[in-house]
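A.B. asks: quick one: sequence plus predicted model below, questions after.
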Amino acid sequence: MDSPMIRVGIIQNARKIKISLRGDSYISVGTVEMHLEDKRELEIAVLRSKTPEPIYRVVTGELEDVTGLNDMKKYKIIRVGKKVKFSGKVVSDNRKYWVCVGEFEKMYAAEEQFDEISGISIIEDFIGERGGVIKITDSEGKEITEGEVLRIKSSSPMTVFDVPVGEGYHFEHSETQSFKGWLEFRINNYGGLVAINELPVEDYLASVNSSESNPDSPPELLKAQTVVARGTVFATVGKHHFNDPFDLCNNDHCQNYKGLVRETPRARQACSLTRGEVLKYGREICDARYAAICGGITEDYQNAWFGERKPYLSTIIDAEDTSEILEFYPATTEKNAKEFIDSMPDAWCNIVKSRVPDYLKGVEGFRWEVKYSRNEIEKIIKKKTGRDTGRLFDIIPLKRGNSGRIILLEVRGAKATFRIKGELSIRKALSRSCLLSSCFYIESGGGSITLHGAGWGHGVGMCQIGASLMAYNGMKYNEILKHYYKGTKIKRIY
């Protein structure tokens, strides 16, 4: 569908990538274009590369203008974001300046500075030359061409093998996926291959809405998912991947995108019926975050990402009748959090008690449990954090958000005591992959540790399972969005 173009990183760091082409295909290297006919199996590989030095910076502020900033030499100023034009007009402009301090070689040094100055984020930056040359060979190993940037377009969908899905999470795997538009290949900051799919935003969304939600979801859910996903594009373009040659990635860090495998007639209709619609808070396009299962209470934006408060991403009780959950709200104390997690409230996302459609049967995460031996959790913490606790004495939640999600955790051991900050960091530190959420309490005894938890994901913004059940029970997409994003309005930007 005719709409602004977007660049999606579908593979971010590989040595080799295999693809399959059918029909008439064209490979562009600079100003030179090659024509390939019939079916071709190709391999793209790194020929040589330059790898810059990675460093970490602490972002202290995000400003629209830095002309009045005192002592400019103290800071590293990075321009992020992007002005997007379409049909001769500006449809969005999220450009800002990040005010940064430090050139830390190690993440822990940046984290110490972050805590001292109450930073809003830590970013990875790079110093030195980068880039390199890649080559394409056919199935017999014959080189077809080489260059710094290779772009491929075909009259038929292009197949890419071993596309990573869910990296770092319990459902991590790889898939064979097909794409339309352009495929672009180049070297990234780590000396590996990046594969980029360049295509119109509305075509991208026709895959995202049913990659993020079940394709069999009610039409009103797919419409709601499409509107918030479209807003995420224009609110974050040029920011989440400011140091990369693409706008968003294809995984949970940005939004799940699986190419043509998830593009269905119903998914495309959801895009057509909401074409160009985003949520706005005042004049701002909303960075409308969402997560799988909130557990009954959504979380505040600043408790997940430490940035400034976003009023439209404030905590809500996610139930038609809030009285049951109000007994435990806010779940910021250990008592309230435990009672909330042990309860089975009639929240929108309660797929245990609710009558649910077939496509939601078997979905887990409203309430969950993970059990470890003490030796097992000690090894996991050491591997994930790089810090050896020795014999683990205790794991203590120090701060929780309104949803019960832990945002500051202390780990005490015979050899070391340290703190872990941030819900995602906590989820990764206490699991071989990643815990479903940081909303849990700890029960110790008999040489084992059990985590009793609620929800799946960071819990900020729309609860996808809750929204799905709202739609299943007859609510319209605008009503769903109004419930989760207070004070917003749906606006069409193109």
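C.D. replies: That came in fine, so what should we check first? The model shown is predicted, which means the values in this text are computed figures rather than measured ones.

A.B. asks: and the pLDDT at residue 357?
C.D. replies: On the pLDDT scale, residue 357 is placed at 87.

A.B. asks: cool, and residue 215?
C.D. replies: So, for residue 215, pLDDT stands at 88.

A.B. asks: got it, and residue 37?
C.D. replies: With respect to pLDDT, residue 37 scores 85.

A.B. asks: that one reaches residue 26, doesn't it?
C.D. replies: No. Using C-beta atoms under 8 Å, residue 37 makes no contact with residue 26, being 10.5 Å away. For every residue, glycine as well, the C-beta is placed using N, CA and C.

A.B. asks: more crowded one of these two?
C.D. replies: When residue 37 and residue 26 are compared for neighbours, residue 26 comes out ahead with 15 against 9, by other C-beta atoms under 10 Å.

A.B. asks: tell me the centre residue of this structure?
C.D. replies: Nearest to the mean C-alpha position of the chain, by C-alpha atoms, centre = their mean, lies residue 253 at 2.1 Å.

A.B. asks: name the residues contacting each of residue 37 and residue 26.
C.D. replies: Counting by C-beta atoms under 8 Å, 6 or more residues apart in numbering, residue 37 and residue 26 have no contacts in common.

A.B. asks: re the thing from before, what's the spacing between the residue nearest to the centre of the chain and residue 424?
C.D. replies: 10 Å (C-beta to C-beta, to the nearest Å).

A.B. asks: and the nearest residue to residue 437 once chain neighbours are set aside, what pLDDT?
C.D. replies: The shortest distance from residue 437 to any non-neighbouring residue, by C-beta to C-beta, 6 or more residues apart in numbering, is to residue 455 (4.2 Å). Predicted confidence (pLDDT) for residue 455: 98.

A.B. asks: so what's residue 455 up against?
C.D. replies: Taking C-beta under 8 Å, 6+ apart as the definition, contacts of residue 455 comprise 291-296, 349, 365-366, 403, 405, 436-437, 439.

A.B. asks: just list what whatever helix or strand residue 426 lives in packs against, helices and strands only.
C.D. replies: Per DSSP states H and E, residue 426 falls inside helix 423-429. Applying 3 or more C-beta pairs under 8 Å, 6 or more residues apart in numbering; DSSP states H and E, one finds that helix 423-429 contacts helix 301-305, helix 374-385, strand 406-413.

A.B. asks: the strands in the stretch 201-350 of the chain, which residues?
C.D. replies: Secondary structure of the stretch 201-350 of the chain by DSSP state E, counting those that start in this stretch: the strands cover 248-249, 277-281, 284-285, 290-291.

A.B. asks: beta partners for the closest residue to residue 389 other than its chain neighbours?
C.D. replies: Leaving aside its sequence neighbours, residue 389 sits nearest to residue 413 (C-beta to C-beta, 6+ apart; 2.7 Å). Beta bridges link residue 413 to residue 392 when assigned by DSSP bridges.

A.B. asks: the biggest helix by length in the chain to strand 277-281, inter-axis angle?
C.D. replies: Ranked by residue count and defined by DSSP state H, the top helix of the chain is helix 219-236. Between the axes of helix 219-236 and strand 277-281, defined by axes from the mean of the first three to the mean of the last three C-alpha atoms, to 10 degrees, the angle is 60 degrees.

A.B. asks: and helix 219-236, how far from the chain's centre?
C.D. replies: 14 Å (C-alpha atoms, centre = their mean, to the nearest Å).

A.B. asks: show me what that helix is packed up against.
C.D. replies: strand 89-93, helix 201-212, strand 248-249, helix 265-273, strand 277-281, strand 284-285, helix 464-472, helix 477-484.

A.B. asks: identify all contacting residues around the longest one.
C.D. replies: Read that as helix 201-212. With contacts defined as C-beta under 8 Å, 6+ apart, helix 201-212 is touched by 1-6, 8, 180-181, 217, 222, 225-226, 229-230, 233, 255-264, 266-268, 270-271, 275, 290, 464.

A.B. asks: list only buried entries from those residues.
C.D. replies: The neighbour-count test (16 or more other C-beta atoms under 10 Å) marks 3-4, 6, 8, 180-181, 217, 222, 225-226, 229-230, 233, 255-264, 266-268, 270-271, 275, 290, 464 as buried among the contacts of helix 201-212.

A.B. asks: want to throw the contacts of residue 455 into JSON lines with pLDDT and neighbour count?
C.D. replies: Below are the contacts of residue 455 laid out as JSON lines (pLDDT from 0 to 100; neighbours: other C-beta atoms under 10 Å):
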{"residue": "291", "pLDDT": "97", "neighbour count": "24"}
{"residue": "292", "pLDDT": "97", "neighbour count": "21"}
{"residue": "293", "pLDDT": "98", "neighbour count": "28"}
{"residue": "294", "pLDDT": "98", "neighbour count": "36"}
{"residue": "295", "pLDDT": "98", "neighbour count": "35"}
{"residue": "296", "pLDDT": "98", "neighbour count": "34"}
{"residue": "349", "pLDDT": "96", "neighbour count": "31"}
{"residue": "365", "pLDDT": "96", "neighbour count": "19"}
{"residue": "366", "pLDDT": "97", "neighbour count": "25"}
{"residue": "403", "pLDDT": "98", "neighbour count": "33"}
{"residue": "405", "pLDDT": "98", "neighbour count": "34"}
{"residue": "436", "pLDDT": "97", "neighbour count": "25"}
{"residue": "437", "pLDDT": "98", "neighbour count": "29"}
{"residue": "439", "pLDDT": "98", "neighbour count": "33"}
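
A.B. asks: just put those residues in a markdown table and tack on distance to residue 166.
C.D. replies: Below are those laid out as a markdown table (distance: C-beta to C-beta, whole Å):
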| residue | distance to residue 166 |
| --- | --- |
| 291 | 14 |
| 292 | 12 |
| 293 | 16 |
| 294 | 20 |
| 295 | 20 |
| 296 | 25 |
| 349 | 20 |
| 365 | 14 |
| 366 | 20 |
| 403 | 23 |
| 405 | 20 |
| 436 | 13 |
| 437 | 16 |
| 439 | 20 |
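
A.B. asks: so which of these is the closest to residue 338?
C.D. replies: residue 439 (10.8 Å; C-beta to C-beta).

A.B. asks: ok, the closest one - contacts?
C.D. replies: With contact set as C-beta under 8 Å, 6+ apart, residue 439 has these partners: 295, 331, 337, 341, 403, 404, 405, 406, 453, 454, 455, 459.

A.B. asks: and what of residue 371?
C.D. replies: Shown in contact with residue 371 (C-beta under 8 Å, 6+ apart): 448, 449, 450, 451.

A.B. asks: at 10 Å instead, please
C.D. replies: With contacts defined as C-beta atoms under 10 Å, 6 or more residues apart in numbering, residue 371 is in contact with 377, 443, 448, 449, 450, 451, 452.

A.B. asks: any idea how far the residue nearest to residue 437 lies from residue 299?
C.D. replies: Between residue 455 and residue 299 the computed distance is 9 Å (C-beta to C-beta).

A.B. asks: give the contact list for residue 362.
C.D. replies: Contacts of residue 362 by C-beta under 10 Å, 6+ apart are 351, 356.

A.B. asks: per-residue pLDDT of it, please?
C.D. replies: Looking at residue 362, its pLDDT is 85.

A.B. asks: would you agree residue 40 is in contact with residue 144?
C.D. replies: Yes. Using C-beta atoms under 10 Å, residue 40 is in contact with residue 144, at 8.8 Å.

A.B. asks: what do the two both touch?
C.D. replies: Between them, residue 40 and residue 144 share these contacting residues under C-beta under 10 Å, 6+ apart: 27, 136, 138.

A.B. asks: tell me the least confident of those residues?
C.D. replies: pLDDT across those is lowest for residue 138, at 94.

A.B. asks: residues near that one, how many?
C.D. replies: Residue 138: 13 neighbours (other C-beta under 10 Å).
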